[in-house]
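Chemist: okay, here's the prediction I keep looking at, along with the sequence it came from:
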Amino acid sequence: MSNLLTEELAVFEELQQTLQKKPSTAALQAKCQDGLVLHRQGKIAEAEHIYLQVLGWDPTHVLALHLLGLITAQRRQIELRRLEDTLASCDRAIACKPDDAGGYVNRGFVLERLERLEDALASYKKAIALKPDYEFLSGALLFAKMQICDFTNAEHEFARLSERILRGEKASRPFPMLAISGSLQVQRKTAEIWIRSRHLTSAALPAIPKRPARAKIRIGYFSADYCDHVVMHLMAELFERHDKSKFGLIAFSFGPESNDEMHRRTATRFDEFIDVRNKSDEDVALLCRNLEIDIAVDLMGFTANGRPGIFAFRAAPIQVSYLGYSGTMGADYIDYIVADPIVIPEESKQYYCEKIVYLPNSYQVNSRRSISKKTFTRAELGLPPVGFVFCCFNNNYKITTRVLDSWIRILKKVEGSVLWLFESNEKAASNLRQRVLTGGVNPERLIFAKRLPLLGDHLSRYRSADLFLDTLPYNAHATASDALWAGLPVLTCLGETFAGRVAASLLDALNLPELVKTTPEAYEAFAIELAERPDRLKEIKQKLTNNRLTTPLFDTERFTKHIERAYIAMYERYHVGLPPCDIFVPNSTTTISRALCRTDSTSWTEVDPGRDL
């Protein structure tokens with residue numbers, strides 16, 4: 001056991017003994033601070049126990065109330081009653097100390113979980129008024145505005161936030177910046193600041209001793225979403241098609257308990273399925289080491305409920321970021337990011353801390369999804385009986401002022417057309433209607449779709465649309481592949497960042513480059529052309545239909561072979577004592593596996609893993 005871990009346990013034991021006595025105010029404060037140390041180490045249960053004990057002696061202890069509220073706010077899918085109880089605790093803390101910004105921040109977190117976004121925004125505004133430089137709050141506030149499509153002063157706030165980040169300020173968590181900034185430099189800087197603040201490489205665990213190479217590589221997949229979640233809809237067939245004679249698969253789940261159909265489908269495809277939600281980051285890393293995981297694949301990154309701390313403790317000798325987060329993790333302990341030449345072109349490599357795994361087609365795995373046989377009428381979907389239907393079912397926070405203004409210009413040019421959007425919340429719909437009205441378009445031309453419980457029905461309704469209009473700087477990702485699988489063409493504008501190039505990657509893998517534009521002007525012009533030229537749109541739809549099952553995008557068997565070759569190349573390189581390097585997987589479905597590794601800025605060296613796939 002490391003010295004640091006021993007000291008932590010000693011502190012915890014001392015706290016337990018101290019709590020049996022009547023503590024002083026200073027002792028209570030000290031306990032909260034020690035609880036915070038455990039909290040930051042991912043030892044949530046221990047930290048929560050301390051906060052509750054402190055509140056047992058002093059129910060109005062502000063710091064304990066704040067910290068307990070933060071734990072609850074960070075958890076996923078908490079019972080409504082418990083969230084309401086936590087909100088009440090936040091309110092008590094604010095009543096005790098109304099000038100403490102932290103109380104309003106925690107209250108905002110809880111309100112977001114309750115989907116009371118306007119109230120959350122008000123709470124964040126109060127916090128920032130009390131403390132303008134509160135760590136990472138500006139990004140949270142701006143992202144709350146984006147979720148309700150509050151475009152007030154948006155472009156100025158986007159620019160100001162980016163400037164602060166480039167100065168090194170702790171202004172935003174990484175995820176919101178995928179939608180706020182289209183700059184690779186800003187996104188990398190945001191990730192690096194967050195990692196330094198929250199998930200530095202830990203010296204608490206020794207280096208992993210090198211084990212002898214073996215015929216079967218043990219891969220750990222880490223996720224909070226082994227359930228009816230978009231990531232699993234994409235990944236499920238990959239788990240099923242992995243070559244179990246050459247790869248041992250272990251799932252590490254830190255999401256809520258689930259017994260839905262997708263959970264049952266995925267869980268049975270692993271050699272082991274391990275629930276680690278109640279373990280600390282360090283304990284999970286130790287478990288991975290004990291299980292001799294060779295390659296740890298993080299399917300979360302900085303998305304909700306991700307746990308980068310597990311990888312900061314170095315869970316496996318090779319650590320990979322894939323699918324969940326479309327950007328650099330900004331950490332030296334993530335060795336590789338899985339990509340393709342479109343999402344990370346050569347000139348963008350400098351903005352990634354990881355070495356790049358270049359898959360030959362789109363980086364995005366796409367399990368084939370069942371489409372419902374249900375046929376919706378336009379009336380059932382709220383669509384007018386006639387007229388061209390533009391569609392975008394992206395989350396509302398991806399709609400920026402520039403994107404919406406572009407759509408307004410398109411609607412003005414295409415008489416009788418409508419724009420069919422996903423409604424994340426009623427306030428977003430109201431704000432979007434107001435914005436198009438201000439832009440000179442009848443707000444009734446915006447039609448809003450609710451979430452459907454069955455994915456098959458959702459895919460089926462895409463067939464009532466004519467053209468999907470993508471967003472920038474954060475493209476449609478799984479949403480785009482859903483539309484394409486359902487036969488709906490997706491028109492995109494190529495951005496600079498990973499998140500802004502995903503739709504182009506998908507379309508390239510379908511051999512539909514005509515749907516990828518490089519300027520907003522070209523994007524608008526082609527949208528108008530397709531609406532005014534039914535013959536041209538029909539031609540593209542037919543090409544999509546022809547290519548859907550004959551090109552690589554939805555060929556999961558081909559994809560599985562490619563990513564397995566990448567895993568083997570990583571593994572072999574590690575075992576011959578070489579550091580991570582860029583890996584290029586050739587576009588081949590032959591049985592011989594040869595990956596290429598970048599050895600310098602201009603040349604590639606062939607690496608023969610010595611295995612047939």
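Modeler: Great, that's in hand. All values reported here derive from a predicted model rather than from experimental measurement.
Chemist: quick one: buried residues of stretch 83-101?
Modeler: 83, 86-87, 89-90, 92-94, 100-101 (16 or more other C-beta atoms under 10 Å). Glycine gets a C-beta too; all of them are placed from N, C-alpha and C.
Chemist: go on, stretch 432-450?
Modeler: 432-433, 435-436, 441, 445-449.
Chemist: where do the domain boundaries of the chain fall?
Modeler: The chain resolves into domains spanning 135-199, 217-358, 389-548 when parsed by automatic domain parsing.
Chemist: ok, which of the ones you listed comes nearest residue 575?
Modeler: Residue 575 lies closest to domain 217-358 among the domains of the chain, at 9.2 Å (C-beta to C-beta).
Chemist: how far is the closest one from where the chain is centred?
Modeler: 12 Å (C-alpha atoms, centre = their mean, to the nearest Å).
Chemist: okay, the domains of the chain in JSON lines with distance to residue 56 and mean pLDDT next?
Modeler: Compiled in JSON lines, these are given as follows (distance: least, C-beta to C-beta, whole Å; pLDDT from 0 to 100):
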{"stretch": "domain 135-199", "distance to residue 56": "29", "mean pLDDT": "97"}
{"stretch": "domain 217-358", "distance to residue 56": "22", "mean pLDDT": "97"}
{"stretch": "domain 389-548", "distance to residue 56": "38", "mean pLDDT": "98"}
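Chemist: of all those, which one is nearest residue 115?
Modeler: Among the domains of the chain, the nearest to residue 115 by C-beta to C-beta is domain 389-548 (6.8 Å).
Chemist: now that closest one: how far from the chain's centre is it?
Modeler: 21 Å.
Chemist: show me what counts as buried in the longest helix along the chain.
Modeler: In the chain, with assignment by DSSP state H, the single longest helix is helix 556-575. Neighbour-count burial for helix 556-575, counted by 16+ other C-beta under 10 Å, picks out 556, 558-574.
Chemist: repeat that for stretch 340-348.
Modeler: Quick answer for stretch 340-348 (16+ other C-beta under 10 Å): 340-344, 348.
Chemist: on that earlier part again, okay if I get the domains of the chain as TSV plus distance to residue 64?
Modeler: Shown next, in TSV, are the domains of the chain (distance: least, C-beta to C-beta, whole Å):
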stretch	distance to residue 64
domain 135-199	20
domain 217-358	20
domain 389-548	32
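Chemist: list the contacts of stretch 441-455.
Modeler: Applying C-beta atoms under 8 Å, 6 or more residues apart in numbering, the external contacts of stretch 441-455 come out as 228, 233, 369-370, 372, 381-383, 393, 408, 411-412, 417-423, 429, 432-434, 436-437, 458, 461.
Chemist: first-to-last residue distance for that stretch?
Modeler: 32 Å (C-alpha to C-alpha, to the nearest Å).
Chemist: can I get the buried residues of stretch 432-450 in TSV including distance to residue 251?
Modeler: Converted to TSV, the buried residues of stretch 432-450 look like this (distance: C-beta to C-beta, whole Å):
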residue	distance to residue 251
432	39
433	43
435	43
436	45
441	48
445	46
446	41
447	40
448	36
449	33
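Chemist: just the ones of those residues in strands?
Modeler: Among those, the ones falling in strands (DSSP state E) are 446-449.
Chemist: between the buried residues of stretch 83-101, which is closest to residue 586?
Modeler: Set against residue 586, the nearest of the buried residues of stretch 83-101 by C-beta to C-beta is residue 83 (50.1 Å).
Chemist: closest to residue 41 out of the domains of the chain?
Modeler: Closest of the domains of the chain to residue 41 is domain 217-358, at 6.0 Å (criterion: C-beta to C-beta).
Chemist: and the closest one, end to end?
Modeler: One end of domain 217-358 to the other measures 20 Å (C-alpha to C-alpha).
Chemist: quick one: contacts for residue 425?
Modeler: If you count contacts by C-beta under 8 Å, 6+ apart, residue 425 has them with 115, 117, 147-148, 396.
Chemist: which one of those residues sits closest to residue 259?
Modeler: Checking these against residue 259 by C-beta to C-beta gives residue 115 as the nearest, at 23.9 Å.
Chemist: ok so the closest one is a helix residue?
Modeler: No: counting by DSSP: H, G, I helix; E, B strand; the rest coil, residue 115 falls outside a helix, being coil.
Chemist: quick one, phi/psi of it?
Modeler: With angles defined as degrees, to the nearest 10, residue 115 sits at phi 60, psi 30.
Chemist: now for the nearest residue to residue 410 once chain neighbours are set aside, how many residues are close by?
Modeler: Nearest residue to residue 410, sequence neighbours excluded (C-beta to C-beta, 6 or more residues apart in numbering): residue 527, at 5.0 Å. Here the number of neighbours of residue 527 (other C-beta atoms under 10 Å) works out to 24.
Chemist: same deal with residue 530?
Modeler: Neighbours around residue 530, by other C-beta under 10 Å: 24.
Chemist: buried residues in the helix or strand hosting it?
Modeler: Here residue 530 sits within helix 520-532, counting by DSSP states H and E. By neighbour count on 16+ other C-beta under 10 Å, the buried set for helix 520-532 is 523-524, 526-528, 530-531.
Chemist: which residues are in contact with it?
Modeler: By C-beta under 8 Å, 6+ apart, helix 520-532 touches 388, 390, 402, 406, 409-410, 413-414, 417, 466-467, 469, 472, 489, 491-493, 514-515, 517, 536-537, 540.
Chemist: now do the very next helix or strand once past that helix: which elements does it pack against?
Modeler: As assigned by DSSP H and E, the chain's next helix or strand after helix 520-532 is helix 534-547. Counting contacts by 3 or more C-beta pairs under 8 Å, 6 or more residues apart in numbering; DSSP states H and E, helix 534-547 is packed against helix 520-532.
Chemist: now residue 102: how far from residue 189?
Modeler: According to C-beta to C-beta, to the nearest Å, residue 102 stands 25 Å off from residue 189.
Chemist: what residues sit buried inside stretch 368-387?
Modeler: In terms of neighbour count (16+ other C-beta under 10 Å), stretch 368-387 has its buried residues at 369, 371, 376, 383, 387.
Chemist: quick check: end-to-end length of it?
Modeler: 31 Å.
Chemist: ranges for the helices of the stretch 301-450 of the chain?
Modeler: 308-312, 401-413, 426-438 (DSSP state H, counting those that start in this stretch).
Chemist: would CSV of those helices with distance to residue 287 be doable?
Modeler: Below are those laid out as CSV (distance: least, C-beta to C-beta, whole Å):
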stretch, distance to residue 287
helix 308-312, 10
helix 401-413, 44
helix 426-438, 41
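Chemist: so of these, which one's packed in deepest?
Modeler: Counting by mean count of other C-beta atoms under 10 Å, helix 308-312 has the highest mean neighbour count of the helices of the stretch 301-450 of the chain, with a mean of 25.
Chemist: can you lay out the contacts of residue 425 as a markdown table showing distance to residue 548 and neighbour count?
Modeler: Below are the contacts of residue 425 laid out as a markdown table (distance: C-beta to C-beta, whole Å; neighbours: other C-beta atoms under 10 Å):
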| residue | distance to residue 548 | neighbour count |
| --- | --- | --- |
| 115 | 35 | 11 |
| 117 | 37 | 22 |
| 147 | 33 | 23 |
| 148 | 36 | 22 |
| 396 | 28 | 22 |
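Chemist: between those residues, which is nearest residue 578?
Modeler: Nearest to residue 578 among the contacts of residue 425 is residue 147, at 44.7 Å by C-beta to C-beta.
Chemist: what sits against residue 474?
Modeler: Counting by C-beta under 8 Å, 6+ apart, residue 474 has contacts 178-179, 394, 398, 499-500.
Chemist: do that again at 10 Å, thanks
Modeler: 146, 176-182, 326, 394-395, 397-400, 403, 495, 497, 499-500, 502 (C-beta atoms under 10 Å, 6 or more residues apart in numbering).
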